[in-house]
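S.K.: I need the structure of the sequence given here:
(2 chains)
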There are 2 protein chains.
Amino acid sequence: MASAERLDPWGHVLIDYRKLFTVFGVKPMKDLLEKLRELGPVHRLYRRGIVFAHRDFDKILEALRKGEKVAIVTGFMPSGPFHFGHKMVADQIIYLQSLGARAFIVIADAEAYAVRGLPRNKIIEYTKIYVANLIALGVDPDKTTFYMQTSYEEPYYRLIQMASAKVTMAEMEAIYGDLEPGKIMAALTQVADILHPQLDEFGGYKYVIVPVGPDQDPHIRLTRDIAERLNSEVGTIKPAATYHRLMRGIDGSGKMSSSRPESYISLNDPIDIAVKKLRNAFTGGRATAEEQRRLGGEPEKCSIYELYLYHLADDELLSRTFLDCRAGRLLCGEDKLVAVKLLREFLEEHQKRFKEIYDTVEDYIRLPSF
Amino acid sequence: MASAERLDPWGHVLIDYRKLFTVFGVKPMKDLLEKLRELGPVHRLYRRGIVFAHRDFDKILEALRKGEKVAIVTGFMPSGPFHFGHKMVADQIIYLQSLGARAFIVIADAEAYAVRGLPRNKIIEYTKIYVANLIALGVDPDKTTFYMQTSYEEPYYRLIQMASAKVTMAEMEAIYGDLEPGKIMAALTQVADILHPQLDEFGGYKYVIVPVGPDQDPHIRLTRDIAERLNSEVGTIKPAATYHRLMRGIDGSGKMSSSRPESYISLNDPIDIAVKKLRNAFTGGRATAEEQRRLGGEPEKCSIYELYLYHLADDELLSRTFLDCRAGRLLCGEDKLVAVKLLREFLEEHQKRFKEIYDTVEDYIRLPSF
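M.R.: The predicted structure follows:
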């Protein structure tokens, strides 16, 4: 790492993501920040380089500027607790809604069943939790369609069926490697998730933006190809995408993921548990206080700093923490006190809203009978 | 062929179908004729050995006898004219409805699109023609659910998605050989077609009977396996099936099929065209009248006789034609006069009913917007 990069307070060197640019042709988000500013204050996730790349996002911004209809499509797999990694996506939805977009939020129940093997009753329970969390965070239900993949409106399924005829096995294997029928269905269903807002029946949103982690780019490429192949029949055009870094797990290894309980803090964890998790979180601290004062900490490796960066800190706190940590002026123990306070405040407020919404969640999504 | 077999006026030696019994374990229909008789007059297709085999049909008959709810599920691919081969299936529906069953008739539009590559507007046009023909023939719309695969009620799609998780690629390849995504979707969709009447949402019909040609047995086997695997989750049990001979094409080569116009007479052909086709149809006649008088004809090779057997002749005419032809007392020219008369009467009556129903066909099936 060059030292210039290491002094970037956003701390993001896209080591793992370079192939996206060089091989798959995504564009850097930083080139669009000026355009984003024209629409109003830019959300921290974009300013801080967490949403770091895109395909055709410039067209989406242009459409928003002109007041055209724009859809943001994103999915959540209801296969575990709702954690801070999910909140990052929710924040993008909320931001794009504030700029005028309508959200189509798919609960990927078909995928949770086929790919993760979750029982249906668990899936339905998680669905309620996800929808309630999203609304509690600020997703505007009046500007959102929540739906489940297996219980949606009719032409959606026609798109899945039609998409299946527009791609070969060889193409799918090139994208996904080994396939099973459940995986094929899941992939084709995601294609319909992304394309369906373009149909008249769902509002005719020709500008569709999909925020994804880089690991989801195969779905985006498949969908963009199929959109073109279906164009003459149903009028679909290529969707746009933005790419965000994936939040690091609080155990310091790999990404925050529902499938590794030690990696996340859930927005629905009892607050004492959440605080305890945070106190035990992996940091960028040195072996001893003396060493840390002498060498400085490493915020770019720190999961507490990661929480600040994505969620908890305003720009002033973020900058100060970064600089004080690097200079050895801030020790992990002191910093965790600040983080605990911010986390506690956030969770108390959020969980109160969550509870209210959870009790009436079926006002927002139609739940299936099984 | 043993001469005893050759003298059977039904004329059906199951040369091509033996593997169904020996390898795949279907049972002969003739063993159930006595049970069928207990329910009333047995339909000619069953008496004449056209519906010649089954899986678990004895359970269906027992359920009908006890007045339990029974569903007959069958599909039509809207990819060409409705012909006498389709009528044979319609007749089975009508018969089982008369014994108390409810029909679920799927218009396999997803399959027509993905596997046959038909444009959607053609598919919708054929759908109207199929539904109107079925009702004109006597399918009781009050005891029938007509639906299209891409625009149906919700839990149907959940079954497709769930089925996809219950089968491996290796299993599907063993059944179907080379696969493409569209074929996989079509196969999984057929599974949902067959199983969905068992769900509470569709009436909870636990006894499901599927009349198929022997070439469809792979679908039946796949569906029976998946039904068992989904049993603990959605309560599905193995569907029953009956197997019918496929009608020979009137050109004497292969089966009657929409994809070979020279092979069929459509129920919607202008009557003069239909009559002309019948006059040119392949028969079991000899090279000269003299030879035929001397050797006798071969009704078992004759497509006119096939029309009698499946559709146009009562038992008395059928027997007489068979014996007179074999004895050389009946020449093809004379016989065709009889056939033309019967065909003309049938088509005149049918086409009148068809026209009335076609004009209001949307009362019976909800047509999709694309």
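
S.K.: what are the ranges of the strands in the stretch 201-350 of chain A?
M.R.: A:207-212, A:240-244 (DSSP state E, counting those that start in this stretch).

S.K.: mind putting those strands in TSV, distance to residue B:313 and mean neighbour count included?
M.R.: (Each C-beta comes from the backbone N, C-alpha and C, glycine too.) Output for these, formatted as TSV (distance: least, CB to CB, whole Å; neighbours: other CB atoms under 10 Å in any protein chain shown):
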stretch	distance to residue B:313	mean neighbour count
strand A:207-212	60	24
strand A:240-244	65	25
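
S.K.: for these, which one sits closest to residue B:338?
M.R.: strand A:207-212 (64.1 Å; CB to CB).

S.K.: Now do the closest one, average pLDDT.
M.R.: Per-residue pLDDT over strand A:207-212 has a mean of 96.

S.K.: now stretch A:54-67
M.R.: For stretch A:54-67, the per-residue pLDDT averages 97.

S.K.: What residues does chain A have near chain B?
M.R.: Contact residues, chain A versus chain B (CB under 8 Å from any CB of the partner chain): A:110, A:113-115, A:117, A:119-120, A:149-152, A:154-155, A:157-158, A:160-162, A:164-165, A:167-169, A:172, A:179-182, A:184-186, A:188-189, A:200-201, A:233-234, A:368-370.

S.K.: still on that earlier bit, how about JSON lines for the strands of the stretch 201-350 of chain A, with distance to residue A:296 added?
M.R.: Shown next, in JSON lines, are these (distance: least, CB to CB, whole Å):
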{"stretch": "strand A:207-212", "distance to residue A:296": "34"}
{"stretch": "strand A:240-244", "distance to residue A:296": "28"}
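
S.K.: Out of those, the one nearest residue B:291 is which?
M.R.: Taking the strands of the stretch 201-350 of chain A one by one with CB to CB, strand A:207-212 is closest: 72.7 Å.

S.K.: ok, residue A:203 to chain B distance?
M.R.: 14 Å (CB to the nearest CB, to the nearest Å).

S.K.: OK, contacts around that residue?
M.R.: Applying CB atoms under 8 Å, 6 or more residues apart in numbering or on different chains, we find residue A:203 in contact with A:69, A:71, A:102, A:197.

S.K.: With secondary structure as added columns, please give these in a markdown table.
M.R.: Converted to a markdown table, the contacts of residue A:203 look like this (DSSP: H, G, I helix; E, B strand; the rest coil):
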| residue | secondary structure |
| --- | --- |
| A:69 | coil |
| A:71 | strand |
| A:102 | strand |
| A:197 | helix |
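
S.K.: ok, the residues you listed vs chain B, which is closest?
M.R.: residue A:197 (15.6 Å; CB to the nearest CB).

S.K.: shouldn't that closest one be in contact with residue A:104?
M.R.: Yes. Judged on CB atoms under 8 Å, residue A:197 makes contact with residue A:104 at a distance of 5.2 Å.

S.K.: Quick one: mean pLDDT for the longest helix seen in chain A?
M.R.: Assignment by DSSP state H gives helix A:332-359 as the longest helix of chain A. Taken as a whole, helix A:332-359 has a mean pLDDT of 97.

S.K.: Using neighbour counts, pick out the buried residues of stretch A:17-28.
M.R.: Within stretch A:17-28, the residues that count as buried by 16 or more other CB atoms under 10 Å in any protein chain shown are A:17, A:20, A:26, A:27.

S.K.: Could you do stretch A:48-65 as well?
M.R.: A:48-57, A:59-61, A:63-64.

S.K.: center of chain A, which residue is that?
M.R.: Central residue of chain A (CA atoms, centre = their mean): residue A:89, 3.0 Å from the mean position.

S.K.: show me what contacts it?
M.R.: Here residue A:89 is in contact with A:74, A:76, A:211, A:244 (CB under 8 Å, 6+ apart).

S.K.: average pLDDT for the helix or strand where it lies?
M.R.: Assigned by DSSP states H and E, residue A:89 falls within helix A:84-98. The average pLDDT within helix A:84-98 is 97.

S.K.: now swap in stretch A:170-183 and tell me
M.R.: On average, stretch A:170-183 scores 91.

S.K.: Which SSE is immediately downstream of the helix or strand bottoming out on mean pLDDT in chain A?
M.R.: Among the helices and strands of chain A, helix A:3-6 carries the lowest confidence by mean pLDDT, DSSP states H and E, at a mean of 33. Using DSSP H and E, the next helix or strand after helix A:3-6 towards the C-terminus is helix A:18-22.

S.K.: Please enumerate residues in contact with the next helix or strand along the chain from that following helix?
M.R.: Sequence order places strand A:27-28 as the next helix or strand after helix A:18-22, per DSSP H and E. By CB under 8 Å, 6+ apart, the list of residues contacting strand A:27-28 from outside reads A:21, A:52, A:53, A:54, A:55, A:57.

S.K.: Tabulate those in CSV, adding columns for secondary structure.
M.R.: Formatted as CSV, the contacts of strand A:27-28 follow (three-state DSSP):
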residue, secondary structure
A:21, helix
A:52, strand
A:53, strand
A:54, strand
A:55, strand
A:57, helix
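
S.K.: and which of those residues is nearest residue B:358?
M.R.: residue A:55 (47.9 Å).

S.K.: correct me, but that closest one touches residue A:223?
M.R.: No. Between residue A:55 and residue A:223 there is no contact under CB under 8 Å: 10.8 Å.

S.K.: what number of residues lie near residue A:101?
M.R.: 23 (other CB atoms under 10 Å in any protein chain shown).

S.K.: hang on, I meant residue A:268
M.R.: Residue A:268 has 19 nearby residues by other CB under 10 Å.

S.K.: same thing with residue A:121?
M.R.: If you count neighbours by other CB under 10 Å, residue A:121 ends up with 10.

S.K.: what's the helix or strand for it?
M.R.: Per DSSP H and E: helix A:120-137 holds residue A:121.

S.K.: With residue A:190 instead?
M.R.: helix A:181-195.

S.K.: what angle separates that helix from helix B:181-195?
M.R.: 100 degrees (axes from the mean of the first three to the mean of the last three CA atoms, to 10 degrees).
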